[in-house]
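1. what's the 3D shape of this:
(2 chains)
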Amino acid sequence: SQQGEEDPQALSIQEGENATMNCSYKTSINNLQWYRQNSGRGLVHLILIRSNEREKHSGRLRVTLDTSKKSSSLLITASRAADTASYFCATASNFGNEKLTFGTGTRLTIIP
Amino acid sequence: GAVVSQHPSRVICKSGTSVKIECRSLDFQATTMFWYRQFPKKSLMLMATSNEGSKATYEQGVEKDKFLINHASLTLSTLTVTSAHPEDSSFYICSARDGTEKFGSNQPQHFGDGTRLSIL
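-> A predicted model of the protein is given here:
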């Protein structure tokens, strides 16, 4: 399995519910980032959490990071139809080479 | 701010054609740009890291003579798929990092909207 596996692969929920996506990785990281991708489009950066941080909030987004378990979660509260997209986690290594390694992604569908 | 423009958004061409894709940072200087390839419903695979004024760094398994990268200015990187074949059909996405930001690896990358390449 590759660095950055996400779970679940697909998630469908009713509008207004909360959506939780998980990401696991294998190597030491400098930071972990979450991106959103609408179908056929590029990626939009959502949030970055550094390796010495445990939780971060941005609007309806909440990200947690557990470096001991090499895992992160993204919570979207009060989901909206516009949140329908694929969500990817990406890790930046400790080697400072700026490369990101992307996870497999979660396809989120919000049912109106 | 931090807008990356990628052009063209879609290309359909015959086998054997070479195709050039441009990636421009519109409101910042990008010393480093990245080129990714994405298969349907799959994740992004890094192809190469493009450094302004120097040779690109290719990931293992990516043919540098097949995928030519040029990063001649702080706002433009190009990817040329040479003698494209149907197996090169894919979604290609570029990203860029603001070169004026400190601690680059702790900054997000800014992505273009991708290029859908279809080789007949």
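
2. all helices of chain B, in order?
-> With helices called from DSSP state H, chain B shows none.

3. pLDDT below threshold where in it?
-> By pLDDT under 70, the weakly predicted segments of chain B are B:1, B:101-105.

4. show me which residues of it are close to chain A?
-> Taking CB under 8 Å from any CB of the partner chain as the test, the list of chain B residues beside chain A reads B:4, B:6, B:32, B:34, B:41-46, B:49, B:91, B:93, B:95, B:97, B:104-114, B:116. Glycine gets a C-beta too; all of them are placed from N, C-alpha and C.

5. which of those fall in strands?
-> Applying DSSP state E to these, the entries found in strands are B:4, B:6, B:32, B:34, B:44-46, B:49, B:91, B:93, B:95, B:97, B:110-111, B:116.

6. which residues in chain A form strands?
-> Shown for chain A, the strands assigned by DSSP E span residues A:5-7, A:10-14, A:19-24, A:29-37, A:43-50, A:55-58, A:61-66, A:71-76, A:85-93, A:100-102, A:106-111.

7. check these for me: which has the lowest mean pLDDT.
-> Across these, strand A:5-7 has the smallest mean pLDDT, namely a mean of 82.

8. quick one: it to chain centroid distance?
-> Its chain's C-alpha centre lies 9 Å from the corresponding centre of strand A:5-7 when counted by CA atoms, centre = their mean, to the nearest Å.

9. do stretch B:5-23 as well
-> Centroid separation between stretch B:5-23 and its chain, computed with CA atoms, centre = their mean, is 11 Å.

10. could you do stretch A:83-91 as well?
-> Mean C-alpha position of stretch A:83-91 versus that of the full chain (CA atoms, centre = their mean) differs by 5 Å.

11. is it anywhere near chain B?
-> Yes. Using CB under 8 Å from any CB, stretch A:83-91 reaches chain B at A:Phe88.

12. residues contacting that stretch, please?
-> Residues outside stretch A:83-91 that contact it (CB atoms under 8 Å, 6 or more residues apart in numbering or on different chains) are A:3-4, A:6, A:19, A:21, A:23, A:25, A:27, A:29, A:31-39, A:43, A:46, A:72, A:74, A:76, A:100-110, B:43-44.
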